[in-house]
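Visitor: Predicted model follows, preceded by the sequence.
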Amino acid sequence: DTGVSQNPRHKITKRGQNVTFRCDPISEHNRLYWYRQTLGQGPEFLTYFQNEAQLEKSRLLSDRFSAERPKGSFSTLEIQRTEQGDSAMYLCASSPKVRLAGVTDTQYFGPGTRLTVL
Amino acid sequence: DAKTTQPNSMESNEEEPVHLPCNHSTISGTDYIHWYRQLPSQGPEYVIHGLTSNVNNRMASLAIAEDRKSSTLILHRATLRDAAVYYCILRDSGKGNKLVFGAGTILRVKS
């Protein structure tokens, strides 16, 4: 098990450009999450997939943001027309299917993609 | 989601125990108490969680007050590698799956 991987690890872009990040979850984890973290703050939830279905989106996920998980495996997060305020660490996490009612899942995080918008 | 309150920072000496407190006075009966930590330049990692009883694992212990309005994460022997931001998070098992992070406690470990 190689853990959650994210690519690229760093991305520098100019304002107005589009960027896309990829997350590969732990094999057989059916749940996948995206979070955003700015300096000095805890991560903030963006969106959540169960298999290929996007079940929850935060109000932080403006219409410039779109996330997909087409085959229920890897996921992509795209930001269109980037703004300087989008500069942050984008974290992906995955968790296995919860088999028992009332038991919460443990989320396994990747190392993140650091985005800098100039 | 119910709110948690943690000190901004704490300091410990290497090889000594560390007690990281968390207040959660509005906790509901179905909220689990989770702890995650984030080492520098890494994503958060799970530490421990519990509902009512105290819990132990290889990383830490979790002591939960009888009224569940507070809890304490205990690192039995702090090492330099334990220097991280520690997050106390409440999760209702029936209400979705996202983690709601606060600012956490920055733990500094001195050699």
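Guide: Everything's here; your move.
Visitor: State the distance from residue B:92 to residue B:45.
Guide: 22 Å (Cβ to Cβ, to the nearest Å). (Each C-beta comes from the backbone N, C-alpha and C, glycine too.)
Visitor: same question, residue A:65
Guide: Residue A:65 is 25 Å from residue B:45, by Cβ to Cβ.
Visitor: try residue A:55
Guide: From residue A:55 to residue B:45 the distance is 24 Å (Cβ to Cβ).
Visitor: now residue A:107
Guide: Applying Cβ to Cβ to residue A:107 and residue B:45 gives a distance of 9 Å.
Visitor: Comparing these two, which shows the higher neighbour count?
Guide: residue A:107 (26 against 15; other Cβ atoms under 10 Å in any protein chain shown).
Visitor: Pretty sure residue B:81 sits in a helix.
Guide: Yes: counting by DSSP: H, G, I helix; E, B strand; the rest coil, residue B:81 is part of a helix.
Visitor: How far does stretch B:49-66 stretch from one end to the other?
Guide: One end of stretch B:49-66 to the other measures 16 Å (Cα to Cα, to the nearest Å).
Visitor: Kindly report the same for stretch B:100-110.
Guide: 30 Å.
Visitor: In it, which residues are buried?
Guide: Buried residues in stretch B:100-110, counted by 16 or more other Cβ atoms under 10 Å in any protein chain shown: B:100, B:101, B:102, B:104, B:105, B:106, B:107, B:109.
Visitor: Of the residues you listed, which are in range of chain A?
Guide: Taking Cβ under 8 Å from any Cβ of the partner chain as the test, chain A is in contact with B:100, B:101, B:102, B:104 out of these.
Visitor: which bits of chain A sit near chain B?
Guide: Checking chain A against chain B by Cβ under 8 Å from any Cβ, the hits are A:4, A:31, A:33, A:35, A:40-45, A:48, A:56, A:58, A:91, A:93, A:95, A:102-112.
Visitor: Find the residue at the geometric middle of chain A.
Guide: The residue lying closest to the centre of chain A (Cα atoms, centre = their mean) is residue A:34, at 2.6 Å.
Visitor: Within the helices and strands, which one has that residue?
Guide: Assessed by DSSP states H and E, residue A:34 sits inside strand A:31-37.
Visitor: In PyMOL, how would I select just the buried ones from the residues of chain A next to chain B?
Guide: Written as a PyMOL command, the selection of buried residues from those, which uses 16+ other Cβ under 10 Å, is:
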select buried, chain A and resi 4+31+33+35+42+43+44+45+48+58+91+93+95+104+105+106+107+108+109+110+111+112
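Visitor: can you tell me which of the residues of chain A next to chain B are in helices?
Guide: Among those, none falls in helices (DSSP state H).
Visitor: which intervals of chain A have sub-threshold pLDDT?
Guide: Confidence mapping of chain A against pLDDT under 70 gives the ranges A:1, A:98-104.
Visitor: Hmm, I typed the wrong one, I wanted chain B.
Guide: Using pLDDT under 70, the flagged stretches of chain B are B:1-2, B:93-96.
Visitor: Run through the residues that contact residue A:49.
Guide: Each residue near residue A:49 by Cβ atoms under 8 Å, 6 or more residues apart in numbering or on different chains is listed here: A:31, A:32, A:33, A:55, A:67, A:69, A:72, A:75.
Visitor: if we can go back for a sec, could you verify my assumption that the residue nearest to the centre of chain A touches residue A:77?
Guide: Yes: with contacts counted by Cβ atoms under 8 Å, residue A:34 reaches residue A:77, the gap being 5.5 Å.
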